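Q: prediction below, plus the sequence it came from.
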Amino acid sequence: MTDLQHKARRHLWMHFSQLGAFQRDEIPIMTRGEGCYVFDQHGRRYLDGLSGLFVVQVGHGRRELGEAAARQSAELGFFPVWGYGHEPAIELAARLAHLAPGDLNRVFFTTGGSEAVESAWKLAVAYFAAIGQPRRHKVISRYIAYHGTTFGALSITGVPSIKGIYEPLVPGAIKVANTDRYRCIDCSHLDGCTLRCADDIEQRILMEGPDTVAAVFLEPLQNSGGGFKPPAGYWQRVREICDRYGVLLVSDEVICAFGRLGTWFGGERYGYVPDIMTFAKGVTSGYAPLGGLIVSDRIVAPFLEDTKVFLHGITFGGHPVSCAVALANLDLMESEDVLGNVQRNMGSFDAVLQELRDIPIVGDVRGDGYYRAIELVRDQKTKAAFTSAESDRLLRGILSPRMFELGLYCRADDRGEPVITLAPALIAGEEEFAMIGSVLRSALSEATSAMHH
């Protein structure tokens, strides 16, 4: 055992990880990245099929981003935006407001996605208190949707398996139907969606009392559960419902923003303008931690009065180094037409994955842009699901280690039904898609044989 491996086993607490397993097995230690690939401590190369964690939009090893961080560190390494400004935060706020749709012109910075979601809930409550509607504090989100791990964000999250031991959570977080058309009890057997999933939001607003609901939190394309794409007309119906009852629409763009769907923001892809957008991850391509909210002029208006204050802040929100990295990242994305690369190639990416439908355990292939998911089933014809024990064996015992052994890093997830999630860097193209398809065909075919025997 190397000294680094020993230190990792003894001292590093990895996130969402079964630490016991690494008392027996070697911890993979990544040492460097280059383009769409990362390398481990043995020099083995892996295709990063998840962009780290839906983060590394422009790829690994971009010296331009490291140099931007170094320049800013030497000039002003830190200063808070608590009643003060600094150039990187001001310039980035103005740039994000320019990219954002409609009248979303004000930016509140955090350091990551969970903090952004937490901040958005607090802002919604504070906004309604400021305009004389203090009963509005409840929030609505979708079943199985993931929105973060802090107590407020976890309350908004709709994944039962990661919530139970922390209950009771923050009260007032209500769940509604998601857009999983493959298993929808209302329309999976029909030719098209009935939009019952959108109407469920209206029913819950009425059930709770419209004067108690502050906001609806939705991702443009739902991550957890495996790339649930909204049906045609869904977002327009949701926007109409929120307007009818005076409820704020929060678009959680932590994953979907900054090119993941081929547009700057997911709302642009699906044709809607929210009241608040949360962002994080891809804004810096992961080279520095940063997140935040982009807020409409209407929401910030009450706080422009002298005596009103949004009583919330985070020490490292709007960190000057992170903001400088974000500006350099946006420069790269624009100069290299990264969004155009996604738009030109997302059809090819989808086609490679659709070819896997002949494998018996592949039930559904879905998603959008450079975000795709493959749902795995016991039986294609009946859509029969694996049991919890079978899913654990399939994902953790067979597929995850085999895909990694074959040189592909991606996510095998069972927060809903078992899925494989793929989200390569936005600079990826035919070469990377071909490798993804080849590895998945081998691993899924072997898994089919193993599960059937």
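A: It's in. For clarity, every value in this text was computed on a predicted model and none was experimentally measured.
Q: check what pLDDT the spatially most central residue of the chain gets.
A: Central residue of the chain (C-alpha atoms, centre = their mean): Ile255, 2.9 Å from the mean position. What the model reports for Ile255 is a pLDDT of 98.
Q: let's have the chain start at 438 instead
A: Let's use 438 as the start, then, which means that last one is Ile692.
Q: ok, it - contacts?
A: Shown in contact with Ile692 (C-beta atoms under 8 Å, 6 or more residues apart in numbering): Phe491, Glu656, Leu658, Asn660, Lys718, Gly719, Tyr808, Ala860. Any C-beta I mention is one placed from the backbone N, CA and C, and that applies to glycine too.
Q: same thing but 10 Å
A: With contact set as C-beta atoms under 10 Å, 6 or more residues apart in numbering, Ile692 has these partners: 488, 490-492, 550, 583, 656-661, 698, 703, 716-719, 808, 860.
Q: return the subset of those lying in strands.
A: Phe716, Tyr808 (DSSP state E).
Q: mark which of the contacts of Ile692 are buried, thanks.
A: Buried members of those, counted by 16 or more other C-beta atoms under 10 Å: 488, 491-492, 550, 583, 656-661, 698, 703, 716-719, 808, 860.
Q: about what we covered before: phi, psi of the residue nearest to the centre of the chain?
A: Ile692 adopts backbone torsions of phi -100, psi -40, taken as degrees, to the nearest 10.
Q: separation between it and Thr721?
A: In this view, Ile692 and Thr721 are 14 Å apart by C-beta to C-beta, to the nearest Å.
Q: ditto for Gly834
A: Counting by C-beta to C-beta - Gly834 and Thr721 are separated by 35 Å.
Q: okay, buried residues for stretch 525-539 please.
A: Buried residues in stretch 525-539, counting neighbours by 16+ other C-beta under 10 Å, are found at Pro525, Ala526, Leu529, Ala530, Arg532, Leu533, Ala534, Leu536, Ala537, Pro538.
Q: same check, this time on stretch 474-487
A: For stretch 474-487, the neighbour count (16+ other C-beta under 10 Å) marks Tyr474, Val475, Asp477, Tyr483, Leu484, Asp485, Gly486, Leu487 as buried.
Q: got a markdown table for the residues you listed, with secondary structure, distance to Cys624 and pLDDT too?
A: Below are those laid out as a markdown table (DSSP: H, G, I helix; E, B strand; the rest coil; distance: C-beta to C-beta, whole Å; pLDDT from 0 to 100):
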| residue | secondary structure | distance to Cys624 | pLDDT |
| --- | --- | --- | --- |
| Tyr474 | strand | 41 | 98 |
| Val475 | strand | 40 | 98 |
| Asp477 | strand | 45 | 96 |
| Tyr483 | strand | 39 | 98 |
| Leu484 | strand | 36 | 98 |
| Asp485 | strand | 36 | 98 |
| Gly486 | coil | 31 | 98 |
| Leu487 | coil | 30 | 98 |
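Q: of those residues, just say which sits nearest to Val684.
A: Leu487 (33.3 Å; C-beta to C-beta).
Q: tell me the contacts of that closest one?
A: Each residue near Leu487 by C-beta under 10 Å, 6+ apart is listed here: Val493, Tyr808, Leu845, Tyr846, Cys847, Arg848, Thr858, Leu859, Ala860, Pro861, Ala862.
Q: direction included, what does the lowest-mean-pLDDT helix or strand in the chain pair against?
A: In the chain, no helix or strand scores lower on mean pLDDT, DSSP states H and E than strand 848-850, which sits at a mean of 89. Partners of strand 848-850 in the sheet, by DSSP bridges, are strand 856-859 (antiparallel).
Q: give me the buried positions along whatever helix or strand comes next after the strand it pairs with.
A: Under the assignment DSSP states H and E, the closest C-terminal helix or strand after strand 856-859 is helix 867-889. Going by neighbour count (16+ other C-beta under 10 Å), the buried part of helix 867-889 is 869-870, 872-874, 876-878, 880-881, 884-885, 888.
Q: may I ask which of these comes out lowest in pLDDT?
A: The member of the buried residues of helix 867-889 with the lowest pLDDT is Met888, at 87.
Q: ok, for that one, nearest residue in space, not its chain neighbours?
A: Distances taken as C-beta to C-beta, 6 or more residues apart in numbering put Leu831 closest to Met888, at 6.0 Å, once the chain neighbours are dropped.
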